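Peer 1: Have a look; sequence and predicted model below, questions after that.
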Amino acid sequence: MSAAGKEEIKESREKLVFHGLCIDFLILVPETVAVILSGSAALLSDVFKYANEVLATLFALMIIRRMKAGGKFTYDYGMGKFETLTRIITGSVMGVSIIILVLFTLHRLMHPEEFEMVAAYIGIPLMIIASIADYHHWQTYRRRSMEDPSPIMESQWRLRRAKTFSNLLLLFALILSVICIHYEWAHYIDPVVSFIIIGFLLFAGYREFSSSLPDLFDKTLDEELQLVILRELSGSFDKYDEFHGVRSRRSGSRIYIEIFLGFDPEQKMGDVQEFTATLKRSLENEIAGSVVSVVLSHE
């Protein structure tokens with residue numbers, strides 16, 4: 001793909017994520033007003049969830065703009081570390097949000113209050129709009145991710161998918177609360193739905209930590225990819241003398257792999273170069289998005 005084509009793709013990604021961020025802000029503000037006026041635990045949980053998602057989308061936009069600006073390979077690995085660090089920060093904020101929400105929701109569960117209709121007046125039309133917007137972005141991001149695979153686009157379409165289902169759940173809860181407002185048991189709908197939304201946050205926070213910590217400590221390759229490397233090396237065991245290990249790093253959509261091999265001092269340099277070039281091409285074809293380096297090592 002030409003440089004102009006790549007630049008156009010990055011520009012398109014930036015616009016998509018920026019539009020999604022603007023819509024999130026437009027939904028977050030009136031929903032916050034509804035929480036202040038009604039004291040709804042479910043809406044409060046959704047506000048915290050939206051705020052965390054806004055933070056994640058803002059970080060994604062920063063990363064896209066930094067990648068678009070480029071740096072002539074300066075701090076190539078560091079940019080990947082920054083992407084990982086932002087996910088850990090997002091996960092940490094989610095953890096704090098969950099603690100606050102659990103305490104508030106437990107209080108509302110032990111001391112249930114009558115449903116405030118202002119939550120429905122603002123929340124129902126807002127959740128309808130949010131569901132439509134998030135579903136649209138979910139499909140758009142997913143198509144873009146399939147056309148041009150990227151960790152950011154993949155995380156964004158998964159985020160929008162979760163938001164769509166969460167919005168529909170809250171919409172259902174608000175409608176049910178309005179229909180059953182005269183029943184005493186309906187007072188528990190709000191805190192129960194709040195706990196379900198907390199579950200969404202808990203799962204998202206765990207996913208951020210579990211997927212980011214290995215990359216932060218350079219444990220990038222999963223077992224399947226390690227087996228691909230070992231299979232290639234075992235098929236050419238007569239071309240080198242010693243195997244000293246593999247290191248890998250992730251930077252954006254790239255996986256940088258360093259393979260440390262020892263060779264017979266009597267072996268011709270031309271044969272070594274031919275073997276390492278063949279190994280590099282083979283692995284880069286089998287591992288999508290990889291950049292392989294074979295390092296000559298004595299230990």
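Peer 2: Received it, and whenever you're ready, just let me know what you need.
Peer 1: Need the three-state assignment for Ile181.
Peer 2: Here Ile181 is coil, with the state taken from DSSP: H, G, I helix; E, B strand; the rest coil.
Peer 1: Excluding chain neighbours, what is closest to it?
Peer 2: Nearest in space to Ile181, with sequence neighbours left out and distances taken as Cβ to Cβ, 6 or more residues apart in numbering, is Phe115 at 5.5 Å. Placement of C-beta: from N, CA and C, glycine included.
Peer 1: Got the phi and psi for the one you found?
Peer 2: Phe115 has phi and psi values of phi -60, psi 130 when expressed as degrees, to the nearest 10.
Peer 1: how many neighbours does it have?
Peer 2: By the criterion of other Cβ atoms under 10 Å, Phe115 has 20 neighbours.
Peer 1: try Arg231
Peer 2: Using other Cβ under 10 Å, Arg231 has 10 neighbouring residues.
Peer 1: if I look at it, how far off is Leu225?
Peer 2: Summarising the geometry, the distance separating Arg231 from Leu225, computed by Cβ to Cβ, to the nearest Å, is 11 Å.
Peer 1: now do His107
Peer 2: From His107 over to Leu225 the distance is 48 Å, taken as Cβ to Cβ.
Peer 1: more neighbours, these two?
Peer 2: Leu225 (19 against 12).
Peer 1: check contacts around that one.
Peer 2: Neighbour list for Leu225: Ile255, Ile287 [criterion: Cβ atoms under 8 Å, 6 or more residues apart in numbering].
Peer 1: hang on, it in a helix?
Peer 2: Yes - inclusion of Leu225 in a helix is indicated when three-state DSSP is applied.
Peer 1: Which pLDDT value does the model give it?
Peer 2: pLDDT for Leu225: 72.
Peer 1: Please put the alpha-carbon coordinates of stretch 126-137 into PDB.
Peer 2: Output for stretch 126-137, consisting of C-alpha atoms alone and laid out as PDB, is shown next (Å, rounded to 0.1, in the frame of the first residue of the first chain):
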ATOM      1  CA  LEU A 126     -31.300   9.000  25.800                       C
ATOM      2  CA  MET A 127     -30.800   5.200  25.800                       C
ATOM      3  CA  ILE A 128     -32.700   4.800  22.500                       C
ATOM      4  CA  ILE A 129     -30.400   7.300  20.900                       C
ATOM      5  CA  ALA A 130     -27.300   5.800  22.500                       C
ATOM      6  CA  SER A 131     -28.200   2.300  21.400                       C
ATOM      7  CA  ILE A 132     -28.700   3.400  17.800                       C
ATOM      8  CA  ALA A 133     -25.400   5.400  17.800                       C
ATOM      9  CA  ASP A 134     -23.400   2.600  19.500                       C
ATOM     10  CA  TYR A 135     -24.800  -0.100  17.200                       C
ATOM     11  CA  HIS A 136     -23.800   2.100  14.100                       C
ATOM     12  CA  HIS A 137     -20.300   2.600  15.500                       C
END
